[in-house]
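# Show me the folded form of this:
(chains A, B, C and D)
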There are 2 protein chains.
Amino acid sequence: MQIDPSRPEDLSAQIAQAIKDAIIGGTLIVDERLPSEAELSDHFQVSRPTVREALKRLAAQSLIRTQRGATGGAFVNRLSFEDAYAQQITTSTLLLSMNAVSFDTACEARYALERACAPLSAERRTADHLATMRAEIFRQSQPGLTDEAFCASDVAFHRALVDGAGNPVLSYQLAGAVEGMQPLMNMITFTARDRARIIALHERIADAIEARKPEAAGSGLSELEMETRRLATDVFAARAKGQRPSPSARS
Amino acid sequence: MQIDPSRPEDLSAQIAQAIKDAIIGGTLIVDERLPSEAELSDHFQVSRPTVREALKRLAAQSLIRTQRGATGGAFVNRLSFEDAYAQQITTSTLLLSMNAVSFDTACEARYALERACAPLSAERRTADHLATMRAEIFRQSQPGLTDEAFCASDVAFHRALVDGAGNPVLSYQLAGAVEGMQPLMNMITFTARDRARIIALHERIADAIEARKPEAAGSGLSELEMETRRLATDVFAARAKGQRPSPSARS
DNA sequence: AAGAAATCATTTGTCAGACATTTAAAAGTC
DNA sequence: GACTTTTAAATGTCTGACAAATGATTTCTT
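Alright, predicted model coming up:
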């Protein structure tokens, strides 16, 4: 594990990469303790602040965790599904918000992936998943719900649908697709009639999942996709005409 | 944008989070220059090394880039699809290698997601995508190919299939599912007969994509999934019996 | 006056050394 | 033996300094 001080790249970046490679390559295994900062600075022939910058880079990616005290130090971190979810969501959200991805493109990707989960979810969903879906549908039907709360409930509904597939890898992959779209969804204002249509489709999907009918769930999702895209088209067209103020994405 | 020095969390982590929130929330926009390290240390009432650790955390997530010199500084980085791909692949790879995810679970997720791309790819693939798929199939049929090279070509084939859908968001999401599985795939040894079967299925899928037949592509993928899972089951069963040495994942 | 060269100022990158804080183990005390 | 105190090791933070890069400014030359 060596670095090249003559390379133009930052020393801390090189050190972080070297340690990262060691983790990915299996040289350093989960829960193994890294050498202390003093030992690392000695090994790489750099100062301790430089080593620390490298370690912070790794900590930011959840590759290591640090512990203070006598038996403390930096330890290779087992990347948990929760950490991976969070990273995935952040990355997806930023990717969509910073790259002028069209609503249609993001929507198409999201529903294509969700349809992939539907058959598995219809087969394996537990009563718990179903109960969550029903509860979210009920919440969505409450009058006086803000658009943001409606969207948040929408996300929860779809996550329950995805989690119903009982495949954590799938849930992880979908987390970004579903949650990353929320800022885009929040740009839409829903009328009462819009909501009613969406809720009806949610019920249809939940019914299909409950009855273990994969095709019905898939077609329900397809209709929901069309409905969502139609809504977005209308809202954006209205904004373009200046019929409404053109607010930026609401947080 | 403030921090609380009395909280137990690292100051650099708090500062990083505060800046991250500002970026996600839109307070800081793409290509905007952050205050200099000296100004930040003054603002947050911490030393410059602490600020630097915070900035390195953000740099590790590609949220900022830094530039030296008179007009240099830290700038909010536009998260490119390439950066997002790379992060996604690293995270997925680590998640699968560190969490004892069963081969079947990962495989199921991967093929479910790929089947979601197949209809779109059948509809939109260009001659380019098709040419890549054919080229990879040809490479896979070359004798003397190592198992690793065979797997790498397999990944390239599937990426071409996914990219054929012409949806960058979908390509981004699938990057992790396809490439993250490579270390697991590399644990499998392929006999000549195994390879022949896989290549035949690849050809069937490519034919379906070329003929713009979404259902045929989907069923080809389903068969490929079954074939892959059968192979893995055999290999692992043989290893368990001690008929072969039990190597760890080859890099 | 115009262009080239030198200088300067700003900013990040790195270093050295120090102190504070946390934590577990070792030593001491009853 | 159980409890308390001390100690050592490690990370977290600070101060101050210098190096290196780089654009802007000034000066010099023609």
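# Could you break chain A into its assigned domains?
Per the record, chain A has its domains at A:11-76, A:81-240, by automatic domain parsing.
# average pLDDT across the first one?
Averaging the model's pLDDT scores along domain A:11-76 yields 96.
# quick check, that domain touching DNA strand D?
Yes: interface with DNA strand D: domain A:11-76 contributes A:34, A:36-38, A:48-49, A:52, A:55, A:66-70, A:72-74 (C-beta under 7 Å from any atom of the strand). Where C-beta positions appear, they are placed from N, C-alpha and C, glycine not excepted.
# just how off-centre is stretch A:21-38 within its chain?
Distance, stretch centre to chain centre, for stretch A:21-38: 27 Å (C-alpha atoms, centre = their mean, to the nearest Å).
# So that stretch, near chain B or not?
Yes: Stretch A:21-38 reaches chain B (C-beta under 8 Å from any C-beta of the partner chain) through A:23-26, A:30.
# Pull the most distant pair out of these.
A:25 and A:30 (13.3 Å; C-beta to C-beta).
# ok so, going back, which of the residues of stretch A:21-38 next to chain B lies closest to residue B:158?
residue A:24 (21.2 Å).
# ok, now which ones touch the closest one?
Residue A:24 makes contacts with B:90, B:93-94, B:97, as judged by C-beta atoms under 8 Å, 6 or more residues apart in numbering or on different chains.
# Ranking by neighbours, what's the top pick from those residues?
Of the contacts of residue A:24, residue B:94 is surrounded by the most neighbours, 24 neighbours in total, counting by other C-beta atoms under 10 Å in any protein chain shown.
# From residue A:98, how far off is that residue?
24 Å (C-beta to C-beta, to the nearest Å).
# Quick check: buried residues in stretch A:224-236?
A:224-225, A:228, A:231-232, A:235 (16 or more other C-beta atoms under 10 Å in any protein chain shown).
# Which parts of chain A are strands?
A:64-67, A:73-76 (DSSP state E).
# Show me how far the first one is from its chain's centre.
If I follow you right, that is strand A:64-67. The answer for strand A:64-67 is 24 Å, by C-alpha atoms, centre = their mean.
# Who are the packing partners of that strand?
helix A:48-60, strand A:73-76 (3 or more C-beta pairs under 8 Å, 6 or more residues apart in numbering or on different chains; DSSP states H and E).
# coming back round to it: how about JSON lines for the domains of chain A, with distance to residue B:44 added?
Output for the domains of chain A, formatted as JSON lines (distance: least, C-beta to C-beta, whole Å):
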{"stretch": "domain A:11-76", "distance to residue B:44": "16"}
{"stretch": "domain A:81-240", "distance to residue B:44": "22"}
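# Nearest to residue B:146 among those would be which one?
Per C-beta to C-beta, nearest to residue B:146 of the domains of chain A: domain A:11-76, 18.2 Å.
# in chain A, which segments are predicted with low confidence?
Within chain A, the ranges that satisfy pLDDT under 70 run A:242-251.
# Nearest to residue A:211, out of the strands of chain A?
Closest among the strands of chain A, using C-beta to C-beta: strand A:64-67, at 45.1 Å.
# can you pull the buried residues of that closest one?
Of the residues in strand A:64-67, those buried (16+ other C-beta under 10 Å) are A:64, A:66.
# residues near the residue of chain A found nearest DNA strand C, how many?
Chain A approaches DNA strand C most closely through residue A:69 (2.2 Å), counting by C-beta to the nearest atom of the strand. Residues lying near residue A:69 (other C-beta under 10 Å) number 6.
# if I look at it, how far off is chain B?
Applying C-beta to the nearest C-beta, to the nearest Å, the value for residue A:69 to chain B is 13 Å.
# how distant is stretch A:2-21 from the center of its chain?
Distance, centroid of stretch A:2-21 to centroid of chain: 30 Å (C-alpha atoms, centre = their mean).
# Ok, stretch A:54-62 next?
20 Å.
# how about it, does it get close to chain B?
Yes: counting by C-beta under 8 Å from any C-beta, contacts between stretch A:54-62 and chain B involve A:54, A:56-61.
# okay, the helices and strands packed on strand A:64-67, which one's buried deepest?
Stretch with highest mean neighbour count among the helices and strands packed on strand A:64-67: helix A:48-60 (a mean of 23; mean count of other C-beta atoms under 10 Å in any protein chain shown).
# how about the contacts of residue A:24 in JSON lines, adding distance to residue B:171?
Formatted as JSON lines, the contacts of residue A:24 follow (distance: C-beta to C-beta, whole Å):
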{"residue": "B:90", "distance to residue B:171": "16"}
{"residue": "B:93", "distance to residue B:171": "17"}
{"residue": "B:94", "distance to residue B:171": "21"}
{"residue": "B:97", "distance to residue B:171": "23"}
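# who's in contact with the residue of the stretch 101-250 of chain A found nearest DNA strand D?
Closest approach between the stretch 101-250 of chain A and DNA strand D, counting by C-beta to the nearest atom of the strand: residue A:172, at 27.3 Å. Residues near residue A:172 by C-beta under 8 Å, 6+ apart: A:81, A:84-85, A:88, B:92, B:95.
# same thing but 10 Å
A:81-82, A:84-85, A:87-88, A:162, B:91-92, B:95-96, B:101, B:109, B:176-177, B:180 (C-beta atoms under 10 Å, 6 or more residues apart in numbering or on different chains).
# DNA strand D contacts on chain A?
Counting by C-beta under 7 Å from any atom of the strand, chain A sits next to DNA strand D at A:8, A:34, A:36-38, A:48-49, A:52, A:55, A:66-70, A:72-74.
# thinking again about what came up before, out of residue A:25 and residue A:30, which sits in the busier spot?
Higher neighbour count among residue A:25 and residue A:30: residue A:30, with 14 against 10, using other C-beta under 10 Å.
# which residue packs closest to that one, ignoring adjacent ones?
residue A:78 (4.7 Å; C-beta to C-beta, 6 or more residues apart in numbering or on different chains).
# List the contacts of that neighbour.
Counted by C-beta under 10 Å, 6+ apart, residue A:78 has contacts A:29-31, A:62, A:65, B:94-95, B:98-100.
# Next to chain B, which bits of the stretch 151-251 of chain A? Give me the list.
Neighbours of chain B within the stretch 151-251 of chain A, by C-beta under 10 Å from any C-beta of the partner chain: A:165-174, A:176-177, A:180-181, A:183, A:248-249, A:251.
# Report the two of the contacts of residue A:78 separated the most.
Largest pairwise distance in these, by C-beta to C-beta, is 19.2 Å, between A:65 and B:100.
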